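Trainee: just coords:
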């Protein structure tokens, strides 16, 4: 065993620790105390002797400076205290003096890794950089997330708009309200206008129970073009009754009733009337009240018949009419006015009622049932309610109009009227007569003698034909018998024989819209 600590005598010095540089720190080993050394009265003191001995101050052991020049130095109080607390042994006495410094260079310092402790202190600047990077990264992620959400919202909005456009276009197409696809536009509209069309028609007779007289209109729903029309018929319209006798519309309604008038109108106009609605003025009053009054742009002032000097209906736009006011306006005809003026007011009231009536068939049927009127057997309450609901839908959408059927003096229909109203509104081409039905022959008197029309009518009725009045025209020399359908060529020849006309008068051409064979009576017709 080495009895020295790096050049120091182990017996005189002991190792007490290491300084802050890792170098060993020694202290002298204290010797066993003697009474004289420990006594405060000094060496050789006799405690039983007289006198007061003076204590001698203790001499502190010098500390050795390993880095100094070799002279012992007084240890600082803190070092003394440290030595006293860490390694002082009171039983040992301090050595008499420091040892002499060993000769030669001081020993090399032996540094070991365990003597060092590396503490990685945080750098405030580094923390700031890390925080800034985290903040920048977080802000970038938020921006990217915001962009993604914005793109998703944009895509969702485009999809919703596309679905709305497709759905709206589909609905408009289903309702036939797209202008570029409507049946009334372009090639499709032309095809619908010239091709076969389906029409539902009923006739309505308004009976004025107080003032007398009737007003007649055809309610037409064209299911092909999805338009509706009220065709107002003047009372002077010439008809032929069941036995072929000439009559007027007003007389036919009074004498023949609904059934006979309906057949006569079918014969004259080439229509297919599906039912008759008799509407007395008290029921019109109730109907207007049931739908909650109507709004009409009135064209005249109507006095109150019950109170002289007072006005029941004022002239003006969007006048609200109660049931009583609506009846007064629909039946009013001023002195000197043509009957067509009163018919136009009747048409306004009917259109106003349809605008307020429900478009639901069940609800419209309930309204009809509430009237408690007696209907013609050919038209049930359910059928009338469903029909009026369709017209109400047309009226609300603006696809509804009213039109007066113009007639010539004497009640005949002119060719222009037949081409515009009868053909376009009421059905176009005349249907072939049903099996067993009589052929319809239209007669236009161009002889200059009105009496010859009656002679031609009697001859045709006696021959089993249906007489259709075509009115009068400018006098011509030769008579003509015309057929449009080749199937009626033989019929046209027989009609010419019945009227006493030569076969050369028969030719293929344009017949009247409401007749199978048309005849123009010229001055060569004798009327035998």
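Mentor: That came through fine. Please read these numbers as outputs of a predicted model, since none were measured by experiment. Numbers count the residues shown, from 1 in each chain.

Trainee: next, count neighbours for residue 350.
Mentor: Neighbourhood size, residue 350 [other Cβ atoms under 10 Å]: 27. Where C-beta positions appear, they are placed from N, C-alpha and C, glycine not excepted.

Trainee: hmm, it is touching residue 230, no?
Mentor: Yes: between residue 350 and residue 230 a contact is recorded at 5.8 Å, counting by Cβ atoms under 8 Å.

Trainee: who touches both of the two?
Mentor: 217, 219, 402 (Cβ atoms under 8 Å, 6 or more residues apart in numbering).

Trainee: looking at the sheet around residue 14, what are its partners?
Mentor: residue 27 (DSSP bridges).

Trainee: and it, how far is that from residue 453?
Mentor: 164 Å (Cβ to Cβ, to the nearest Å).

Trainee: coming back round to it: what about the shared contacts of residue 350 and residue 230, which are in strands?
Mentor: Using DSSP state E, the members of the shared contacts of residue 350 and residue 230 that fall in strands are 217, 219, 402.

Trainee: just the buried residues from these, in PyMOL please.
Mentor: Buried subset of those, written as a PyMOL selection, criterion 16 or more other Cβ atoms under 10 Å:
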select buried, resi 217+219+402
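
Trainee: in CSV: the ones in strands among the shared contacts of residue 350 and residue 230, plus pLDDT and distance to residue 384.
Mentor: Below are these laid out as CSV (pLDDT from 0 to 100; distance: Cβ to Cβ, whole Å):
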residue, pLDDT, distance to residue 384
217, 95, 15
219, 95, 10
402, 92, 19
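
Trainee: who's more crowded, residue 14 and residue 453?
Mentor: residue 453 (23 against 16).

Trainee: and the helix or strand containing the more buried one, what does it pack against?
Mentor: Element membership for residue 453, per DSSP states H and E: helix 451-462. In terms of contacts (3 or more Cβ pairs under 8 Å, 6 or more residues apart in numbering; DSSP states H and E), helix 451-462 is packed against strand 440-445, strand 466-472, helix 489-499, strand 517-521.

Trainee: now for the longest one, which elements pack on it?
Mentor: Contacts defined by 3+ Cβ pairs under 8 Å, 6+ apart place helix 489-499 against helix 451-462, strand 480-483, strand 506-508, strand 517-521.

Trainee: pick the most deeply packed of those.
Mentor: strand 517-521 (a mean of 27; mean count of other Cβ atoms under 10 Å).

Trainee: between the helix holding residue 453 and strand 440-445, how big is the angle?
Mentor: Computed by axes from the mean of the first three to the mean of the last three Cα atoms, to 10 degrees, the angle separating helix 451-462 from strand 440-445 equals 170 degrees.

Trainee: quick one: contacts of helix 451-462?
Mentor: Residues outside helix 451-462 that contact it (Cβ under 8 Å, 6+ apart): 240, 243-244, 246, 441, 443, 445, 466-467, 469, 472, 495, 498-499, 519, 521, 525, 527-528.

Trainee: and with 7 Å instead?
Mentor: With Cβ atoms under 7 Å, 6 or more residues apart in numbering as the contact definition, helix 451-462 has outside contacts at 243, 244, 246, 441, 443, 445, 467, 498, 499, 521, 525, 527.

Trainee: circling back: okay, the helices and strands packed on helix 489-499 in a markdown table with mean pLDDT and distance to residue 307 next?
Mentor: As requested, these are exported to a markdown table (pLDDT from 0 to 100; distance: least, Cβ to Cβ, whole Å):
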| stretch | mean pLDDT | distance to residue 307 |
| --- | --- | --- |
| helix 451-462 | 87 | 48 |
| strand 480-483 | 93 | 58 |
| strand 506-508 | 93 | 64 |
| strand 517-521 | 92 | 54 |
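
Trainee: now the ones you listed as TSV including distance to residue 368?
Mentor: Compiled in TSV, those are given as follows (distance: least, Cβ to Cβ, whole Å):
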stretch	distance to residue 368
helix 451-462	39
strand 480-483	43
strand 506-508	48
strand 517-521	41
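
Trainee: in a helix, residue 317, correct?
Mentor: No: assigned with DSSP: H, G, I helix; E, B strand; the rest coil, residue 317 falls outside any helix and is strand.

Trainee: so what's it closest to, chain neighbours aside?
Mentor: Distances taken as Cβ to Cβ, 6 or more residues apart in numbering place residue 297 nearest to residue 317, at 4.7 Å, with adjacent residues excluded.

Trainee: can you list the strands that the helix or strand the one you found falls within pairs with?
Mentor: According to DSSP H and E, residue 297 maps onto strand 294-298. As defined by DSSP bridges, the strand partners of strand 294-298 come to strand 316-321 (antiparallel).
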